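> just a sequence and a predicted model for now, questions to come.
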Amino acid sequence: MTVRKAAVAGQFYPASAEEIRRMFDYFNEMLEKSIRDPEMLKTKTRAVIVPHAGYIYSGFTANVAHRLLGNGGVKRVVVIGPSHRVYLTGTSVSEFDLYETPLGDLPIDKTLASEIIRKFGMGFAPQAHAEHSTEVQMPFIKTYLPDARVVEMVYGDESPANLAPVIEWLMQDPQTGVVISTDLSHYYDLQTAKRLDSVCLDAVSTLNPARLHEGCEACGKIGVEAMLIAARNLGLEPLILDYRTSADASGDESQVVGYMSAAFV
């Protein structure tokens, strides 16, 4: 049995299961106290956009989306994120057997992974999978969909036009969910970040892929654009769930990173 070992536990998120559960409980307590429309928490979705920074910065934002994904009750989740550590041409689809998390291992859906590779001409580059953009999603999936299988897809130099048909094909199965991982602008002052991030938020809320190219600086823009193309073709409606920056946690407004989460219903 081959295992995709947790590469950033203890860095981006706690290495302790108890600490992770405590954080998630705190995020949900905050959410339930602050939400204007409690009915939103009953939303069922099979496709979300989430951030991938350390949990102290973007965990709340990611948690909202993963909680709604959990309402969908899917049996497998495909997590798609950009490569930050390894130069990659195209997209790598993990063919390990298990995905390690502090909350317990997640089984990888190798049948689905192999089918994606074969059907869409992708490959498996093991060195690309020590990737935090996808890994930080796994404890959320283990929490809200404890019996799900996962597939990890990490892309580098890739075209949204190549990824969109994969998402559309995956979404045809009512038991499959899709998670698109991205942060927004990086290291601008707060007001500049909000201006740039508003372009990303507008593109998502209007399902307008072209708008992303008018100033959105999301690191996972390729995946977001692919999701917007697929959502338009599938007749899905976007729902912005949360937006904030690292300044909300750190208090430092001089160099911030933007985070958003969204669901498609």
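Yep, that arrived.
> ramachandran coordinates for the nearest residue to Ala262 once chain neighbours are set aside?
Nearest non-adjacent residue to Ala262, counting by CB to CB, 6 or more residues apart in numbering: Ile49, 4.4 Å away. Where you see a C-beta, it was placed from the backbone N, CA and C, and this is true even at glycine. With angles defined as degrees, to the nearest 10, Ile49 sits at phi -110, psi 130.
> now do Ala193
Ala193 adopts backbone torsions of phi -60, psi -40, taken as degrees, to the nearest 10.
> that one and Tyr144: what is the separation?
Look at Ala193 and Tyr144: by CB to CB, to the nearest Å, they are 29 Å apart.
> so the two - more neighbours on which side?
Ala193 (23 against 20; other CB atoms under 10 Å).
> what sits against the more buried one?
Taking CB atoms under 8 Å, 6 or more residues apart in numbering, we find Ala193 in contact with Leu184, Ser185, Thr245, Val256, Val257, Gly258.
> repeat that for 6 Å
Residues counted as contacts of Ala193 (CB atoms under 6 Å, 6 or more residues apart in numbering) are Ser185, Thr245, Val256, Gly258.
> hang on, the earlier thing: please name the bridge partners of the residue nearest to Ala262.
Ile49 has these beta-bridge partners by DSSP bridges: Ile180, Ala262.
> and it, what's its pLDDT?
pLDDT, Ile49: 99.
> for the residue lying closest to Met171 once chain neighbours are set aside, give its distance to Thr192.
Spatial nearest neighbour of Met171, chain neighbours left out: Leu234 (5.8 Å); criterion: CB to CB, 6+ apart. Here Leu234 is placed at a distance of 34 Å from Thr192 (CB to CB).
> then Pro165?
Pro165 is 35 Å from Thr192, by CB to CB.
> more neighbours, these two?
In this view Pro165 and Thr192 are compared by other CB under 10 Å, and Pro165 has more residues nearby, 15 against 12.
> so the more buried one: helix, strand or coil?
Look at Pro165: counting by DSSP: H, G, I helix; E, B strand; the rest coil, its state is helix.
> for it, give me its contacts.
Per CB under 6 Å, 6+ apart, neighbours of Pro165: none.
> and if we set it to 8 Å?
Phe120, Ala230.
> what do you get for the one 3 residues further on?
Glu168 makes contact with Ala230, Asn233, Leu234 under the criterion CB under 8 Å, 6+ apart.
> that one and Glu225: what is the separation?
Going from Glu168 to Glu225 by CB to CB gives 13 Å.
> Ile116 touches Ser94, doesn't it?
No - when contacts are counted by CB atoms under 8 Å, Ile116 is not listed as touching Ser94 (10.2 Å).
> can you pull out the strands in this structure?
With DSSP state E, the ranges of strands along the chain come out as 3-4, 47-50, 76-82, 91-93, 98-99, 106-107, 149-155, 176-181, 186-188, 238-245, 256-264.
> could those strands go into JSON lines alongside mean neighbour count and distance to Asp197?
Formatted as JSON lines, the strands of the chain follow (neighbours: other CB atoms under 10 Å; distance: least, CB to CB, whole Å):
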{"stretch": "strand 3-4", "mean neighbour count": "18", "distance to Asp197": "31"}
{"stretch": "strand 47-50", "mean neighbour count": "28", "distance to Asp197": "13"}
{"stretch": "strand 76-82", "mean neighbour count": "26", "distance to Asp197": "17"}
{"stretch": "strand 91-93", "mean neighbour count": "27", "distance to Asp197": "25"}
{"stretch": "strand 98-99", "mean neighbour count": "20", "distance to Asp197": "30"}
{"stretch": "strand 106-107", "mean neighbour count": "18", "distance to Asp197": "31"}
{"stretch": "strand 149-155", "mean neighbour count": "27", "distance to Asp197": "22"}
{"stretch": "strand 176-181", "mean neighbour count": "27", "distance to Asp197": "16"}
{"stretch": "strand 186-188", "mean neighbour count": "16", "distance to Asp197": "9"}
{"stretch": "strand 238-245", "mean neighbour count": "20", "distance to Asp197": "7"}
{"stretch": "strand 256-264", "mean neighbour count": "26", "distance to Asp197": "4"}
